[in-house]
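*Asks:* Okay, here's the prediction I keep looking at, along with the sequence it came from:
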Amino acid sequence: MSHSETPGATIPGLAAILATLGWLATGLGLGSGSPVLAVATLGVGILLWMLDARIAAVALTQVGVGVVAPNAPLGMIAIIESGPILLVLAVLAEQGLSIHTILTGTGFGVILSGTTLVAFVWSESVLVAAGALFAVVATSSYAIHRYELVALGLVDGETG
């Protein structure tokens, strides 16, 4: 039995709750910047969601965020981004992934976006923020690769 099939690992209705909160956050966030954009994004996005084009709906919310973000303060961008993040979590919950898997993915997302945000606020340079993100992803990827090699017994755990 895999981890995602563990009894009691998922919460019934979690996907619906996350999706509702995601659409609410998207509407409120985009509505604060452009009510017309919010209505258009919500109308088309919810239609796509109901037609089971979940990823297209999430992508559409990101387009809305991209339109509003250049003129929004940093705090508002965080609020606006919470909508698409909740929608992605709803898609993951619909796939039957365990709470542990969803929270682990969320944790990595927070680490990556937090690192990028801190680098951007500190340097006020998109290039530095992108470089910091690249460094974290590269280091994390190597660490995961190394862990898998040790876990499979292909190399010993000694580093030196």
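*Replies:* Everything's here; your move. Numbers count the residues shown, from 1 in each chain.

*Asks:* shaky segments in the chain?
*Replies:* 1-12, 157, 159-160 (pLDDT under 70).

*Asks:* for the most centrally placed residue in the chain, what are its contacts?
*Replies:* With distances taken as CA atoms, centre = their mean, Ile85 lies nearest the centre of the chain, 4.2 Å away. By CB atoms under 8 Å, 6 or more residues apart in numbering, the residues touching Ile85 are 22, 106, 109. No exception for glycine: its C-beta is placed from N, CA and C like everyone else's.

*Asks:* wait, which of these is closest to Ala90?
*Replies:* Of all the contacts of Ile85, the one sitting nearest Ala90 is Gly22; the distance, using CB to CB, is 5.9 Å.

*Asks:* on that earlier part again, so which strand or helix has the residue nearest to the centre of the chain?
*Replies:* helix 74-94 (DSSP states H and E).

*Asks:* Between helix 74-94 and the helix or strand just after that helix, find me the angle.
*Replies:* Moving toward the C-terminus from helix 74-94, the next helix or strand (DSSP H and E) is helix 99-123. Angle between the axes of helix 99-123 and helix 74-94 is 160 degrees (criterion: axes from the mean of the first three to the mean of the last three CA atoms, to 10 degrees).
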